[in-house]
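Peer 1: Let's see this in three dimensions:
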Amino acid sequence: MVQTRLALYYAAFFGANGVFLPFWPVWLTSRGLSATDIGILFACISIARILVTPMIAQIADRRGSRKGVIVALAAISSVAYCFYYLSYGLVPILIVALIAATTWSGGQPLGESLTVAAAREGGFEYGRVRLWGSIAFIVVAAAAGKLLDGRDADVIF
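Peer 2: Have a look, this model is predicted:
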C-alpha cells in the first residue's frame, strides 16, 4: 500500500511537471515576456530554490513530519498557481513564480526522503516506485503536446 501511494505521488508530481516545464515558456510569451525576461525569471527561480529548499528541510526536521510539510507545500503552491491567471508582466509573474516554484519543488526532496526511508523499512526497491514519476512525465508531456496544439496558452494551467 505504501508503495502504491508513493508511486502515485511521483506520478502526480512529475506528471504535472510534464505539462508545466515544457510548455511554461509558451505561456510566459503569451503574457508578454521576452526571451530575456524568461531567462531572468528562470534564474531567479533557480536561486530561490537553492536558498529556500534547505530551510524547508529544516522546518520538516524540526516538526518531525515530512508528510505534513509536503501537504502544506502542495496546498500553498496550488493556491499560488491560481494567481498566474491574474498575472501579466515580469514582476507580477515573478512574485507568483517565486512562491509557486519554491513551495512546489521544496516538497520533492522531502518526498524522496520519505520514499527512501519507506523502501528501507518496507523492503521494496526505491527505483521501482520512483520509476512511475519518470513514466508519468514522459506520457503526460507527450499527451499534453498533442492536446495543447493549436489551443490558447492559458490551457496549459
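Peer 1: May I see the buried residues of the longest helix belonging to the chain?
Peer 2: When the chain is parsed with DSSP state H, its longest helix is helix 90-122. For helix 90-122, a neighbour-count test (16 or more other CB atoms under 10 Å) marks 90, 93-94, 96-111, 114-115, 118-119 as buried. Placement of C-beta: from N, CA and C, glycine included.
Peer 1: which one is the most centrally placed residue in the chain nearest to, not counting chain neighbours?
Peer 2: Central residue of the chain (CA atoms, centre = their mean): W104, 4.3 Å from the mean position. Nearest-residue entry for W104: S77, 4.0 Å, with adjacent residues in sequence omitted and distances by CB to CB, 6 or more residues apart in numbering.
Peer 1: Next, give phi and psi for that neighbour.
Peer 2: phi -70, psi -40 (degrees, to the nearest 10).
Peer 1: Now do it against T102, distance only.
Peer 2: 8 Å (CB to CB, to the nearest Å).
Peer 1: Surely Y84 is in contact with I156?
Peer 2: No: assessed by CB atoms under 8 Å, Y84 is found out of contact with I156, at 9.3 Å.
Peer 1: that older thread, correct me, but the residue nearest to W104 touches A97?
Peer 2: No: the pair S77 / A97 is not scored as a contact, 10.7 Å apart, by CB under 8 Å.
Peer 1: picking up where we left off before, now the common contact residues for Y84 and I156.
Peer 2: W27 (CB atoms under 8 Å, 6 or more residues apart in numbering).
Peer 1: circling back to that earlier point, and the residue nearest to the centre of the chain, what does it touch?
Peer 2: L73, A74, S77, Y81.
Peer 1: Pull the most distant pair out of those.
Peer 2: L73 and Y81 (12.4 Å; CB to CB).
Peer 1: Which one's more surrounded, these two?
Peer 2: L73 (22 against 19; other CB atoms under 10 Å).
Peer 1: roughly how far apart are the more buried one and K146?
Peer 2: Counting by CB to CB, the gap from L73 to K146 is 31 Å.
Peer 1: what do you get for V2?
Peer 2: For V2, the distance to K146 (CB to CB) stands at 34 Å.
Peer 1: before we move on, what about W132?
Peer 2: Distance from W132 to K146, by CB to CB: 21 Å.
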